[in-house]
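Participant: this one's structure only:
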């Protein structure tokens, strides 16, 4: 390992020693879901089941779908579409975000395009994609990609721009090459922004997936909600809504939040 490789990480390591562990405190966020469930039960108690079923009726509906082997194919279809569309958006967003952060002319060129695309609701692209690609995974993946890539580009770009020049100058004095600056300075310091961009992009992609499946798919969680509404099966509709919220919460709570906590030390950089 060269002197540059060993010295540059030390420039960024100092803020970590200043962090202190917070005392364990009771978190009220664990009361939010039970309170929501209680409101649901009370409302459903005063309404016919064909309008708003009880939670246990929704669980029974999901159990029937699972026993019949009809549930997991829809979940797999949705996850595959999400992974392909969001994965492609991550690759493109990382590339464009860092390029826009490093090069001002490219940033000036890209900013109006990001503003334009972010102002258009992702679901507005669905009819056009259906015309171009027809009903199938291609049109849904493109809608997911469009909805996720632009907010991630902006977030990553801002992360690169927030990096102060002192560390870069110090690394250059040590003789760091451009790839070493990227690996030891820009990439570590941008990690909080990258994880924040991933979280935002995923939430946008997940919403776009469900909306696109409701319009132009023959399978998936969004299709389950749409078809349940057409046949008047409120339990199926609520089952789809619960699955949408549940999986989104799982990814948010146990995926992106943990990544953000892991790299939050760099936010003080």
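Facilitator: Everything's here; your move. If you're wondering where the values come from, they're calculated on a predicted model, not measured in any experiment. Numbering: from 1, shown residues only.
Participant: does residue 66 sit in a helix or strand, and which one?
Facilitator: Applying DSSP states H and E as the criterion places residue 66 in helix 55-67.
Participant: Which helix or strand lies directly C-terminal to that helix?
Facilitator: Downstream of helix 55-67 (by DSSP H and E), the next one is helix 71-102.
Participant: picking up where we left off before, for the helix holding residue 66, list every residue counted as buried.
Facilitator: 57-58, 61-62, 65 (16 or more other CB atoms under 10 Å). Backbone N, C-alpha and C define where each C-beta goes, glycine included.
Participant: give the contact list for the residue most central in space within the chain.
Facilitator: The centre of the chain sits closest to residue 202, judged by CA atoms, centre = their mean, with a distance of 1.6 Å. Taking CB atoms under 8 Å, 6 or more residues apart in numbering, we find residue 202 in contact with 86, 148, 251, 256.
Participant: for the third one, helix, strand, or coil?
Facilitator: Spelled out, that is residue 251. helix (DSSP: H, G, I helix; E, B strand; the rest coil).
Participant: now the contacts of residue 202: which count as buried?
Facilitator: So, by 16+ other CB under 10 Å, the buried ones in the contacts of residue 202 are 86, 148, 251, 256.
Participant: The last one - nearest residue in space that isn't next to it in sequence?
Facilitator: Ranked by CB to CB, 6 or more residues apart in numbering and with sequence neighbours excluded, the top spatial neighbour of residue 256 is residue 199, at 3.8 Å.
Participant: what separates the host helix or strand of the one you found from the chain centre, distance-wise?
Facilitator: Assessed by DSSP H and E, residue 199 sits inside helix 187-216. Taking CA atoms, centre = their mean, to the nearest Å, one finds helix 187-216 lying 3 Å from the centre of the chain it belongs to.
Participant: Kindly reformat the buried ones among the contacts of residue 202 as JSON lines containing distance to residue 242 and pLDDT.
Facilitator: Compiled in JSON lines, the buried ones among the contacts of residue 202 are given as follows (distance: CB to CB, whole Å; pLDDT from 0 to 100):
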{"residue": "86", "distance to residue 242": "22", "pLDDT": "93"}
{"residue": "148", "distance to residue 242": "23", "pLDDT": "91"}
{"residue": "251", "distance to residue 242": "15", "pLDDT": "81"}
{"residue": "256", "distance to residue 242": "21", "pLDDT": "73"}
